[in-house]
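>>> structure for the following, please:
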Amino acid sequence: MADTTEARRGRGKWDATRLPDQTGRTVVITGANSGIGFAAARALARAGAHVVFAVRDLARGGAAAARAGGSTEVRRLDLADLDSVREFAAGWDRPLDVLINNAGVMMLPEGRTAQGFETQFGTNHLGHFALTGLLLPQVTDRVVTVSSGAHRWGDGVIHFEDVNLRGGYGPVRAYAQSKLANLLFTLELQRRLTEAGSPVRALAAHPGWAATNLQSRTANPFARAFLTVGTRFLAQDDTAGALPTLYAATQDLPGAAYVGPDGPAELRGAPALAGRSAAASDPVAARRLWTLSEELTGVEWGLTAAAR
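Here you go, the predicted model:
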């Protein structure tokens, strides 16, 4: 007779019931108050981790942390303001096992961060780039950055001469660029960690098509309607959408691995190694993006000294 526990788990496919014990580990998750960030935070807290909710709104973060249960704390972080990023990092003074760069904005009307960067690139990439650089001396295990299959959309490249897209903004174009930047950042971070002899690993994940509140905030009403209908029929819930993040955060995977759902078009399913575009695997573009990101954020990593 088949093992009924395995049957309930979907014929042995990995899910949150297989999380290893996280007791004694500390995890910071940006944007942990909702969506896949909250689902990941809840699962890790239930597995014994101390989970830090890094959020813009302390009241909402506190309510989410209370729902999650387990050992949690809430700290303010606004990724669209590099001063807030620096303040968060300056207040961190203990070892950190896992940093999960989860927070993001999606297909918004054109806008600017506190420092004048295009909102999606500034929040999804530059904010996390700066945060990771400032926290890296305390990171002991890994950095997981949440990207998206949308890294293939738009022009499929980083607009190095105009990353703020002042010469041709489009919500999809900007979102795709920011998600491509997440993957290039992971690629170059892992190269530098390896070169420095660091045991820390950089990984990326994407949730497939997950039902979260991001879709309701897109700028174009037609795109919003399409996403609403698609979400109803194609999306998995945020608990399933968080599985690639949890897998990347806890399983023994090679550096620079990219995890997503194993179903058709990587829209839904159990976590597995995912595909990425050629542009997302370009080491020259990754190094160029790194240099530009250091210039824009003012965060110079000094990785060799920090990682050892």
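
>>> where in this structure is pLDDT low?
1-11, 210-235, 304-308 (pLDDT under 70).

>>> hey, where'd the strands end up in it?
In the chain, the strands defined using DSSP state E lie at 26-30, 50-55, 71-76, 96-101, 139-146, 201-205, 258-261, 271-273.

>>> what comes into contact with the second one?
Contacting residues not belonging to strand 50-55 are listed as 25-33, 41, 44-45, 61, 64-65, 68, 70-77, 88, 103 [Cβ atoms under 8 Å, 6 or more residues apart in numbering]. All C-beta spots, glycine's among them, are computed from the backbone N, C-alpha and C.

>>> out of the strands of the chain, which comes closest to Lys179?
For the strands of the chain, the distance to Lys179 is smallest for strand 139-146, at 8.9 Å, taking Cβ to Cβ.

>>> can you name every helix or strand that that closest one contacts?
Strand 139-146 sits against strand 96-101, helix 128-135, helix 171-195, strand 201-205, helix 243-250, with contacts defined as 3 or more Cβ pairs under 8 Å, 6 or more residues apart in numbering; DSSP states H and E.

>>> mind saving the C-alpha coords of the last one as CSV?
The C-alpha coordinates for helix 243-250 follow below in CSV (Å, rounded to 0.1, in the frame of the first residue of the first chain):
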residue,chain,number,x,y,z
LEU,A,243,7.4,27.1,-2.2
PRO,A,244,10.3,28.1,-4.6
THR,A,245,11.4,30.7,-2.1
LEU,A,246,11.3,28.2,0.7
TYR,A,247,13.1,25.6,-1.4
ALA,A,248,15.9,28.1,-2.3
ALA,A,249,16.2,29.2,1.3
THR,A,250,16.5,25.7,2.9
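
>>> list the buried residues of stretch 101-110.
101-108 (16 or more other Cβ atoms under 10 Å).

>>> tell me how far that stretch lies from the chain's centre.
11 Å (Cα atoms, centre = their mean, to the nearest Å).

>>> picking up where we left off before, now the buried members of the contacts of strand 50-55.
25-33, 41, 44-45, 61, 64-65, 68, 70-72, 74, 77, 88, 103.

>>> list the contacts for Gln190?
Per Cβ under 8 Å, 6+ apart, neighbours of Gln190: 201-202, 255-256.

>>> quick check: it vs Leu184, distance?
11 Å (Cβ to Cβ, to the nearest Å).

>>> burial measure for Glu300, as a count.
9 (other Cβ atoms under 10 Å).
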